[in-house]
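Peer 1: missing the sequence, but the structure's below:
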């Protein structure tokens with residue numbers, strides 16, 4: 001079951017939630033409830049091996065006799081531990097690499113994965129699958145940890161990205177390139193594209209990737225906030241990322257001045273930074289914003305692939 005973040009309406013799955021969030025008439029304040037099938041009935045129609053849900057138990061029973069994962073050793077141990085992997089993900093759960101057709105991928109890490117599973121005492125798994133455990137800590141970040149604890153990745157929540165060790169010289173060079181491309185007087189376009197460039201720099205670090213959008217046709221995605229992963233319309237995610245990154249750029253101005261004091265001695269650069277400040281406060285409200293939002297969306301889709309296996313319920 002999924003709940004709308006705006007009106008708290010309950011729907012059956014992410015597909016129905018995306019349709020609900022994409023309506024022309026906003027859903028804010030509605031109290032209408034959609035009749036959905038109880039979870040117990042859904043579980044009765046689900047194949048325990050491949051996790052597909054069928055129309056009725058008869059279809060499920062017929063399928064179970066020939067399921068491709070029937071008696072699969074790794075799946076057997078996952079069931080015993082209560083682990084529910086995302087079997088529809090393009091990311092292989094054994095080697096965590098992405099493939100166009102993961103079902104045809106013969107993974108060499110299968111045996112290693114199975115050995116790691118066998119080392120987990122029964123009852124210690126949280127059952128969310130994908131070799132990942134997601135915990136909310138007091139430092140307002142989500143820890144995502146591998147089974148063998150050999151790799152620990154802490155994702156920084158929205159507005160908490162790490163901007164240390166950024167290449168300031170690259171940022172200055174991009175500003176010069178944008179000035180030549182758009183003309184120094186097009187301060188809004190320069191500011192917007194500079195914000196997108198900075199987002200690309202920040203999200204080079206996997207721990208700074210805090211948004212997930214499946215593809216360009218997706219109407220909803222997920223954003224990592226203080227409350228955890230929240231499903232939101234794509235437009236809202238992009239608007240928040242643009243405002244957030246613009247504010248990061250404003251915060252970086254002293255570092256830019258320290259690196260090269262001449263940058264903001266030029267009036268055009270100061271006017272561009274004024275536009276960045278406006279974007280940080282109000283978002284994109286000027287003609288030409290569509291191209292900037294599209295670039296930010298592409299950034300988010302590409303970088304979201306780095307953490308796809310860490311995002312819960314990412315079945316868009």
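Peer 2: Here it is on my side, so go on. Computed from a predicted structure; not experimentally measured.
Peer 1: break down the stretch 101-250 of the chain into its helices, ranges please.
Peer 2: Ranges of helices in the stretch 101-250 of the chain, per DSSP state H, counting those that start in this stretch, are 110-118, 168-182, 187-202, 234-251.
Peer 1: buried residues, the second one. List them.
Peer 2: What that stands for is helix 168-182. Buried residues in helix 168-182, counted by 16 or more other Cβ atoms under 10 Å: 168, 171-172, 174-175, 178-179, 182. Any C-beta I mention is one placed from the backbone N, CA and C, and that applies to glycine too.
Peer 1: looking at the residues you listed, spot the one nearest residue 302.
Peer 2: residue 174 (17.7 Å; Cβ to Cβ).
Peer 1: any idea how far the residue lying closest to the closest one once chain neighbours are set aside is from residue 59?
Peer 2: Once flanking residues are discounted, residue 174 sits nearest to residue 197: 4.7 Å by Cβ to Cβ, 6 or more residues apart in numbering. Distance of residue 197 to residue 59, computed by Cβ to Cβ, to the nearest Å: 51 Å.
Peer 1: again with residue 19
Peer 2: For residue 19 relative to residue 59 (Cβ to Cβ), the value is 25 Å.
Peer 1: more crowded one of residue 197 and residue 59?
Peer 2: residue 197 (21 against 14; other Cβ atoms under 10 Å).
Peer 1: I figured the more buried one was touching residue 176, is that so?
Peer 2: No: taking Cβ atoms under 8 Å as the definition, residue 197 is not a contact partner of residue 176, at 11.8 Å.
Peer 1: which of the helices and strands in the protein ranks last by mean pLDDT?
Peer 2: strand 133-136 (a mean of 32; mean pLDDT, DSSP states H and E).
Peer 1: and the pLDDT at residue 38?
Peer 2: pLDDT recorded at residue 38 is 67.
Peer 1: what about residue 225, how many neighbours?
Peer 2: Residue 225 has 17 nearby residues by other Cβ under 10 Å.
Peer 1: for it, which non-adjacent residue is closest in space?
Peer 2: residue 158 (5.1 Å).
Peer 1: what's the closest non-adjacent residue to the residue nearest the centre of the chain?
Peer 2: Nearest residue to the geometric centre of the chain (Cα atoms, centre = their mean): residue 212, 1.9 Å. Among residues not flanking residue 212 along the chain, residue 304 sits closest, at 4.1 Å (Cβ to Cβ, 6+ apart).
Peer 1: correct me, but the one you found touches residue 210?
Peer 2: No: proximity of residue 304 to residue 210 does not meet the contact threshold set by Cβ under 8 Å, at 9.4 Å.
Peer 1: those two: who's more crowded?
Peer 2: Counted by other Cβ under 10 Å, residue 304 and residue 210 do not tie: residue 210 has more neighbours, with 28 against 22.
Peer 1: do you know how far that one is from residue 105?
Peer 2: 28 Å.
Peer 1: check residue 307 too.
Peer 2: In terms of Cβ to Cβ, residue 307 sits 20 Å off from residue 105.
Peer 1: when these two are compared, which one has more neighbours?
Peer 2: More neighbours surround residue 307 than the other of residue 307 and residue 105, with 21 against 15 (other Cβ under 10 Å).
Peer 1: quick one: residues contacting the more buried one.
Peer 2: Contacts of residue 307 were listed using Cβ atoms under 8 Å, 6 or more residues apart in numbering, and they are 144, 155, 206, 209, 212.
Peer 1: residue 14 reaches residue 231, doesn't it?
Peer 2: Yes: between residue 14 and residue 231 there is a contact at 7.1 Å, judged by Cβ under 8 Å.
Peer 1: quick one: which of these two has more around it?
Peer 2: Counted by other Cβ under 10 Å, residue 14 and residue 231 do not tie: residue 231 has more neighbours, with 22 against 17.
Peer 1: what backbone torsions are found at residue 302?
Peer 2: Main-chain torsions, residue 302, degrees, to the nearest 10: phi -60, psi -50.
Peer 1: now swap in residue 184 and tell me
Peer 2: phi -60, psi -20.
Peer 1: for it, which residues are in contact?
Peer 2: Going by Cβ under 8 Å, 6+ apart, residue 184 touches 190, 268.
Peer 1: from residue 273, how far off is it?
Peer 2: Look at residue 184 and residue 273: by Cβ to Cβ, they are 13 Å apart.
Peer 1: what about the strands in this structure?
Peer 2: Applying DSSP state E to the chain gives strands spanning 2-3, 10-11, 133-136, 142-145, 152-155, 211-212, 220-225, 228-233.
Peer 1: list the buried residues of stretch 195-204.
Peer 2: In terms of neighbour count (16+ other Cβ under 10 Å), stretch 195-204 has its buried residues at 195-203.
Peer 1: mind giving me a markdown table with the residues you listed and columns for distance to residue 99 and pLDDT?
Peer 2: A markdown table is the format used below for those (distance: Cβ to Cβ, whole Å; pLDDT from 0 to 100):
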| residue | distance to residue 99 | pLDDT |
| --- | --- | --- |
| 195 | 33 | 94 |
| 196 | 29 | 94 |
| 197 | 30 | 94 |
| 198 | 31 | 94 |
| 199 | 27 | 93 |
| 200 | 25 | 92 |
| 201 | 28 | 91 |
| 202 | 27 | 92 |
| 203 | 22 | 91 |
